[in-house]
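Enquirer: Structural data only, the sequence is not supplied:
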């Protein structure tokens, strides 16, 4: 009986009081602020107020934490975008649907959490093995956009000669790049989303009669 109690105490002492989600929250903030390289397991543990060894109860390595953060970041944006599109009834104007999708992506990226921001900031810095592990989640979100754009093209809302893949790459790339310069003190996410939607949907040149 005493031996069983001793084992219970031993296992409990390894378990992190912060928990798996708490470790991820701290790590996501650090990766967003500092990038991939400077953030170590020891730094994550110090920021979480736990011993470095406690992390191993939940994660086998730093890169395992990174994969979880990358996946969570994309899923957060994916879910917001999907719900925004589903919120429009059948037959809704293509412009309204695309505006909603653009707005949802930017809100999730800039407002929701450290996860989506960390995803964009560190993806280009992580090892190829981490990128490969994150690929299914990333591909699922890209497919969501491809399906939406293809449907709008099939319905005649997008020009037939528009390359869907290139349009999606340009659109998501432009939206993600806002992390590098957007300042919430100088404008709202809503205004930013409206501006981006105007450019993508209406263009930048005045239409002049010839």
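Expert: Arrived safely, thanks for sending. All values reported here derive from a predicted model rather than from experimental measurement. Residues are numbered from 1 along each chain as shown.
Enquirer: you'd agree residue 20 is up against residue 56?
Expert: No - using CB atoms under 8 Å, residue 20 is not in contact with residue 56; the gap is 11.8 Å. Bear in mind the C-beta positions are built from the backbone N, C-alpha and C, glycine included.
Enquirer: who touches both of these two?
Expert: The contact sets of residue 20 and residue 56 do not overlap (CB atoms under 8 Å, 6 or more residues apart in numbering).
Enquirer: report the longest helix in the protein, please.
Expert: helix 128-154 (DSSP state H).
Enquirer: Now do the helices in the chain.
Expert: Under DSSP H, the chain gives helices at 2-14, 19-34, 41-48, 62-86, 94-107, 114-122, 128-154, 164-176, 189-202.
Enquirer: Hmm, residue 160 is touching residue 153, no?
Expert: Yes - assessed by CB under 8 Å, residue 160 is found in contact with residue 153 at 6.8 Å.
Enquirer: Let's test this: name the helix or strand in this structure with the lowest mean pLDDT.
Expert: Least confident helix or strand of the chain, by mean pLDDT, DSSP states H and E, is helix 2-14 with a mean of 39.
Enquirer: Tell me where this structure is predicted with low confidence.
Expert: For the chain, the stretches with pLDDT under 70 are 1-17, 112, 207-210.
Enquirer: Domain-wise, how is it divided?
Expert: Annotated domains of the chain cover 1-60, 61-204 [automatic domain parsing].
Enquirer: Tabulate those (CSV), appending mean neighbour count.
Expert: CSV is the format used below for the domains of the chain (neighbours: other CB atoms under 10 Å):
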stretch, mean neighbour count
domain 1-60, 15
domain 61-204, 16
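Enquirer: for the longest helix of the chain, packing partners?
Expert: helix 62-86, helix 94-107, helix 164-176 (3 or more CB pairs under 8 Å, 6 or more residues apart in numbering; DSSP states H and E).
Enquirer: mind redoing it with 7 Å?
Expert: On a contact count with 3 or more CB pairs under 7 Å, 6 or more residues apart in numbering; DSSP states H and E, helix 128-154 meets helix 62-86, helix 164-176.
Enquirer: Make TSV from the ones you listed and add distance to residue 115 to it.
Expert: As requested, the helices and strands packed on helix 128-154 are exported to TSV (distance: least, CB to CB, whole Å):
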stretch	distance to residue 115
helix 62-86	4
helix 164-176	14
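Enquirer: Which of the ones you listed sits closest to residue 196?
Expert: With distances scored as CB to CB, the stretch of those nearest to residue 196 is helix 164-176 (6.7 Å).
Enquirer: Now do that closest one against helix 128-154: the angle between them, please.
Expert: 120 degrees (axes from the mean of the first three to the mean of the last three CA atoms, to 10 degrees).
Enquirer: just checking, what packs against helix 164-176?
Expert: Using 3+ CB pairs under 7 Å, 6+ apart, helix 164-176 is in contact with helix 94-107, helix 128-154, helix 189-202.
Enquirer: Looking at the ones you listed, which is nearest to residue 80?
Expert: helix 94-107 (4.3 Å).
Enquirer: any idea of the angle the closest one forms with helix 128-154?
Expert: Going by the same axes, to 10 degrees, helix 94-107 makes 160 degrees with helix 128-154.
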